[in-house]
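> okay, sequence plus prediction incoming.
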Amino acid sequence: MTIRSSIFVRLMATFLAAIIVIAALGIYMYNWSLKTVKDEIFKSTTAQATFYLEGLEAEIDRIKILQYDALNDEDLNKLAIRYPIMDEYETMESMRKLLHRLVSIQNSNAHISNVSAHIEPIQKTISSKKSVSILDRDKFQSLRIPEEMKGAQLLVYNQNLHLTTFLMGNMGLNPLYMIEIELNTSVFREALKQLDTYPGSGSLLLDVTNGLAIHSNETVQPFVELIDTFESNESDFKYGKVYSYGDTFIVAAKSDYLNMVLFRYIPKDVVLVPIEDFYVWLWVFTGVVILLVVFIYVYTYKLIQRPMKELVKAFRGVEKGNFNVKVEVNQNNEFDYLNKGFNSMVQNVSNLIDQVYKHKILEQKAELKHLQSQISPHFLYNSFFLINTMARVKDDNLIPFTKLLGEYFQFITKNDADFVTLYEEIEHARTYADIQLMRYPSKLTIEFESCPDQFKETHVPRLIVQPIIENAFKYAVEHSKGPVFILVYFQLTDDRLTIVVEDDGTQLTNEKLIELQKQFNQAHMSESSGLNNIHRRVQLIYGDEYGLQVERSSLGGLKVMLQINPGMRE
């Protein structure tokens, strides 16, 4: 039984798989909760930033409309064009009306801090805050819009945003007058503060054109360096994306109309705090799972695996033939029933095996005696017929033939031993071959290899080689019209000693060879003579993996291979 097929291993693997799935689900839920909370915060933050910029665009647009309308004011045109021919009353009345209009524009929008009309021909500035004053040339030139830019533009002067537009003179060289609206930075800052809904959060509005940054509070000052990074890599910056900057998350939205970017800063703690408790419980859950796995492993091992291993060990002992094994009975559970049954079974099997073994030994010896008794009469009949023939023809080989025949039967009848040494068995087969050589001197050639020295004293069943050579004579020599060659030799492979008998007879058909092979592969053979006789006897002694095998010889006839175990003793 391999480790992978163990019930305990499978049980623990199943349990661990379930625990891993639960743990993975918990981790997934944690990450999903974290992502959901973050996404909701970021979506809300991005939506607020976008809404603010859209509202700011609308406010600036309304201011521009008022500014363009003021640019065409009748009194402003009079002061810029007809000032030299106007009397003092008319001049003062036009200035009063223009001032009243500028004050109305200022009061119309909270984002406006001051509205000024800079009139270059009369070198005067009429302001909603300061009334009439001398034209400030430096400010006038600083707020002048470049010629290539059309319409009202946002400019920075003294760290304040100004929305300016002007009317050019007939020559087109210098503007006649300019309408300048100073925006209220504090209103921008208060509006940005309204966006700071999270503790420690902040907002920063960046005028990309002029590089002016308006902060909601001082906590955003450390992020001024991020503005430099943004300005140098604006093309790589993706709006609406969340950026991590130190301990802060940053979301940005842009207004293309105003060319402004609104940065929202949210501390990471604000995002992570809602799920910190869940994170703690996740670790508690992980710890409990680990302790539970260890407890179940120890408990299951003691309750199931240990008695199971003892029982399996006992079974393996029985497999190896040890019937003295016993399993301890003290579990007070189902294993007690199994262990008691195992002990009883082993005892009964041991008794039965003892009885069957003794009966089998007696049966094998009886069968062996029966098989051996069938060999001698067969050869005896042939020998008598041969002696009769030689006597009638007065063959000179009659005397040496009878001597060899006497030696042959002396080997068979000298004792009742079932086993002889391999050397004696081979010499007996050689005696038989010499008898046949005398019978067919011109027709038969035998090459007989000597018995290997290391196996001469090996005990083998009596009469297992001679019948194989006799079979070669019967089917190769007696039925052949030409000369026949028989080869006898030995092969050693692993624990097998193979005695090989080959002939070059021409009478062996493929059908006959297949029939012989089938006979030796059958568990029970109906015939009990010839090669079947030898095969059965060898298997009774050495086991079913030994015996005879047949195939076509490289000489052309039959090749018989007798396999025995030289290490087995009587």
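That came through, no problem.

> any idea of the mean pLDDT in the helix or strand where Ile469 lies?
Here Ile469 sits within helix 466-472, counting by DSSP states H and E. Averaged over helix 466-472, pLDDT sits at 86.

> which helices and strands does it pack with?
helix 422-439, strand 484-493, strand 496-503, helix 530-542, strand 558-564 (3 or more CB pairs under 8 Å, 6 or more residues apart in numbering; DSSP states H and E). C-beta coordinates here come from the backbone N, C-alpha and C atoms, glycine included.

> what's the angle between the shortest one and strand 484-493?
To tie it back to what came earlier, the one meant is strand 558-564. Strand 558-564 runs at 30 degrees relative to strand 484-493, counting by axes from the mean of the first three to the mean of the last three CA atoms, to 10 degrees.

> quick one: average pLDDT of strand 558-564?
92.

> run the chain-centre distance for it.
Relative to the centre of its chain, strand 558-564 is centred 52 Å away, using CA atoms, centre = their mean, to the nearest Å.

> residues in contact with it?
Strand 558-564 is contacted from outside by 460, 464-465, 468, 471-472, 475-476, 496-503, 505, 508, 513, 516, 531, 534, 538, 542, 546-553, using CB atoms under 8 Å, 6 or more residues apart in numbering.

> weed out the non-buried ones from those residues.
Applying 16 or more other CB atoms under 10 Å to those, the neighbour count classes 460, 464-465, 468, 471-472, 475-476, 496-497, 499-503, 505, 508, 516, 531, 534, 538, 542, 546-550, 553 as buried.

> distance check, Ile387 against Leu398.
Distance of Ile387 to Leu398, computed by CB to CB, to the nearest Å: 7 Å.

> thinking again about what came up before, which one, of the helices and strands packed on helix 466-472, ends up nearest to Ala80?
strand 484-493 (125.1 Å; CB to CB).

> orientation of that closest one relative to helix 422-439 in degrees?
Using the same axes, to 10 degrees: strand 484-493 against helix 422-439 is 170 degrees.

> restricting to C-alpha, output the helix holding Ile469 in CSV.
Extracted in CSV, the C-alpha atoms of helix 466-472 (Å, rounded to 0.1, in the frame of the first residue of the first chain):
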residue,chain,number,x,y,z
GLN,A,466,16.8,-38.4,-21.7
PRO,A,467,13.1,-38.2,-22.8
ILE,A,468,13.7,-34.9,-24.5
ILE,A,469,16.6,-36.4,-26.5
GLU,A,470,14.3,-39.4,-27.2
ASN,A,471,11.7,-37.1,-28.5
ALA,A,472,14.2,-35.6,-31.0
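
> phi, psi of the residue lying farthest from the centre of the chain?
In the chain, the residue that sits farthest from the middle, by CA atoms, centre = their mean, is Asp87; the gap is 97.5 Å. The phi and psi values for Asp87, taken as degrees, to the nearest 10, are phi -80, psi 180.

> Thr209 now?
Main-chain torsions, Thr209, degrees, to the nearest 10: phi -60, psi -40.

> list the buried residues of the helix or strand hosting Leu79.
Assigned by DSSP H and E, Leu79 falls within helix 74-81. For helix 74-81, the buried set under the neighbour-count rule, 16+ other CB under 10 Å, comprises Asp75, Leu76, Asn77, Lys78, Leu79, Ala80, Ile81.

> which outside residues touch it?
Here helix 74-81 makes contact (CB under 8 Å, 6+ apart) with 70, 86, 90-91, 93-95, 97-98, 101, 117, 119-122, 124, 167, 176-177.

> next SSE downstream of that helix?
The helix or strand immediately downstream of helix 74-81 is helix 88-107, counting by DSSP H and E.

> helices or strands up against that next one?
Against helix 88-107 (3+ CB pairs under 8 Å, 6+ apart) you get helix 7-71, helix 74-81, strand 112-119, strand 124-127, strand 131-134.

> return the distance of the longest one from the chain's centre.
When you say that, I think you mean helix 7-71. 33 Å.

> now do it against helix 88-107, angle only.
For helix 7-71 against helix 88-107, the angle by the same axes, to 10 degrees is 170 degrees.

> can you check what angle separates helix 7-71 from helix 74-81?
If you take the same axes, to 10 degrees, helix 7-71 sits at 70 degrees to helix 74-81.

> between the helices and strands packed on helix 466-472, which gets the lowest average pLDDT?
Of all these, the minimum mean pLDDT falls on helix 530-542 (a mean of 81).

> any idea what Ser127 is bridged to?
On the basis of DSSP bridges, Ser127 is bridged to Ser116, Ser131.

> do you know the pLDDT at it?
In this model, Ser127 is scored at 91, pLDDT.

> what's the separation between it and Ala117?
Separation of Ser127 from Ala117 (CB to CB): 8 Å.

> and the protein, what are its domain boundaries?
Listed domain ranges for the chain are 1-322, 374-564 (source: automatic domain parsing).

> for Glu328, which of those is the nearest?
domain 1-322 (7.2 Å).

> what separates that closest one from the chain centre, distance-wise?
Centroid separation between domain 1-322 and its chain, computed with CA atoms, centre = their mean, is 44 Å.

> and for stretch 456-476?
Worked out by CA atoms, centre = their mean, stretch 456-476 lies 61 Å from the chain centre.

> okay, how far is it across that stretch, tip to tip?
Distance between the two ends of stretch 456-476: 29 Å, counting by CA to CA, to the nearest Å.

> make 34 the first number, not 1, from now on.
Yes, from this point I'll number from 34; that puts the last item at stretch 489-509.

> now the helix holding Leu112: average pLDDT?
On average, the pLDDT along helix 107-114 is 86.

> then stretch 417-432?
81.

> now do stretch 354-367
70.

> ok so, going back, between Ser160 and Ala150, which is the more surrounded one?
Ala150 (26 against 19; other CB atoms under 10 Å).

> go ahead and confirm the more buried one touches Lys163.
No: in this structure, Ala150 is not within contact of Lys163 by CB atoms under 8 Å, at 11.6 Å.

> what's the angle from the helix holding Leu112 to strand 145-152?
Using the same axes, to 10 degrees: helix 107-114 against strand 145-152 is 40 degrees.

> alpha carbons of helix 107-114, as PDB, please.
This file holds the C-alpha atoms of helix 107-114, laid out as PDB (Å, rounded to 0.1, in the frame of the first residue of the first chain):
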ATOM      1  CA  GLU A 107     -21.600 102.800 -23.300                       C
ATOM      2  CA  ASP A 108     -20.100 104.900 -20.500                       C
ATOM      3  CA  LEU A 109     -16.800 103.000 -20.700                       C
ATOM      4  CA  ASN A 110     -16.600 103.700 -24.500                       C
ATOM      5  CA  LYS A 111     -17.300 107.400 -23.900                       C
ATOM      6  CA  LEU A 112     -14.500 107.700 -21.300                       C
ATOM      7  CA  ALA A 113     -12.000 105.900 -23.600                       C
ATOM      8  CA  ILE A 114     -12.900 107.700 -26.800                       C
END
